[in-house]
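[1] Quick one: sequence and predicted model below, then my questions.
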Amino acid sequence: MEKYLTPTYYIDSDHPKVLEFAGRNCNPVETDIQKAVSLYYAVRDGIRYNPYSIVPPKKSMKASSVLNKGYGFCVAKAVLLAACARSMKIPARLGFADVKNHLNTERLKKLMGTDVFMYHGYTELFLNNIWVKATPAFNLELCNNFNVKPLEFDGTKDSIFHVFDKKGNRHMEYVKEYGSFADLPWDTIIATLMQNYPRYFKELEMRSTDFSAEALTENQ
């Protein structure tokens with residue numbers, strides 16, 4: 001388990017700001033499950049989901065950088081949750097998958113050219129001797145604006161995708177799994193994204209400054 005507890009360049013769980021954020025959102029007398037749940041909601045709702053924030057520089061994907069910005073896309077938020085968990089001595093690693101019917105808007109769909117999101121990221125936490133998956137990506141306000149039920153997490157079972165929206169329509173679907181990683185394979189991820197979504201990285205003026213407001217406008 002040592003490699004799932006050790007700080008890395010990206011999962012910088014020893015950074016003062018990560019330690020402060022995790023400590024502020026956890027009670028030292030709580031169980032590991034209680035701490036994990038508290039950290040999940042702190043990252044889910046305290047850090048805004050922004051799919052327009054993907055940029056190549058490695059430093060942008062450090063947990064402490066995500067915390068400083070206050071926003072990030074799914075992989076960035078998964079990295080932050082992993083760092084917070086490790087700072088609380090909870091083993092954590094990263095998981096990735098390609099998903100269809102991801103939370104999307106017409107603007108973002110045009111930029112990506114598809115409804116398949118590659119390398120959607122989530123966190124895996126070792127709790128009560130099992131690995132449990134948690135996806136802290138989509139904050140409550142954003143889910144409400146999309147008319148999608150927010151993902152809840154209780155520390156005992158996987159919480160990885162929105163199967164149905166609030167109207168009962170099928171929503172997110174996992175189509176390919178990449179497995180689990182002790183650290184962020186950023187070089188592989190960003191190369192894949194840049195190859196498959198070239199317009200996203202070239203037409204920067206099309207990126208929105210407020211994805212949540214964009215979602216609200218389309219889903220009213």
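    Nice, thanks for sending it over.
[2] Quick check, residue 12 in contact with residue 67.
    No - between residue 12 and residue 67 there is no contact under C-beta atoms under 8 Å: 9.7 Å. Where C-beta positions appear, they are placed from N, C-alpha and C, glycine not excepted.
[3] which neighbours do those two share?
    residue 18 (C-beta atoms under 8 Å, 6 or more residues apart in numbering).
[4] Pull the contacting residues for residue 80.
    18, 43, 47, 63, 66-67, 72, 136.
[5] May I ask which of those has the most neighbours?
    residue 63 (33 neighbours; other C-beta atoms under 10 Å).
[6] thinking again about what came up before, which members of the contacts of residue 80 occur in helices, if any?
    18, 43, 63, 66-67 (DSSP state H).
[7] In TSV, list the residues you listed along with pLDDT and distance to residue 182.
    Listed next are these as TSV, based on pLDDT from 0 to 100; distance: C-beta to C-beta, whole Å:
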residue	pLDDT	distance to residue 182
18	98	17
43	98	19
63	98	14
66	98	18
67	97	20
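[8] between these, which is closest to residue 129?
    Closest to residue 129 out of those is residue 43 (23.4 Å), distances taken as C-beta to C-beta.
[9] ok, now how distant is that closest one from residue 21?
    9 Å (C-beta to C-beta, to the nearest Å).
[10] which residues do those two both contact?
    By C-beta under 8 Å, 6+ apart, the residues touching both residue 43 and residue 21 are residue 84.
[11] any idea which strand is longest in this structure?
    strand 116-127 (DSSP state E).
[12] re earlier: ok, of the ones in helices among the contacts of residue 80, which one's closest to residue 54?
    Distances from residue 54 to the ones in helices among the contacts of residue 80, taken by C-beta to C-beta, are shortest for residue 66, at 12.0 Å.
[13] What residues does that closest one make contact with?
    So residue 66 contacts 47, 72, 76-77, 79-80 (C-beta under 8 Å, 6+ apart).
[14] Which member of those is positioned nearest residue 141?
    Nearest to residue 141 among the contacts of residue 66: residue 47, at 11.9 Å, using C-beta to C-beta.
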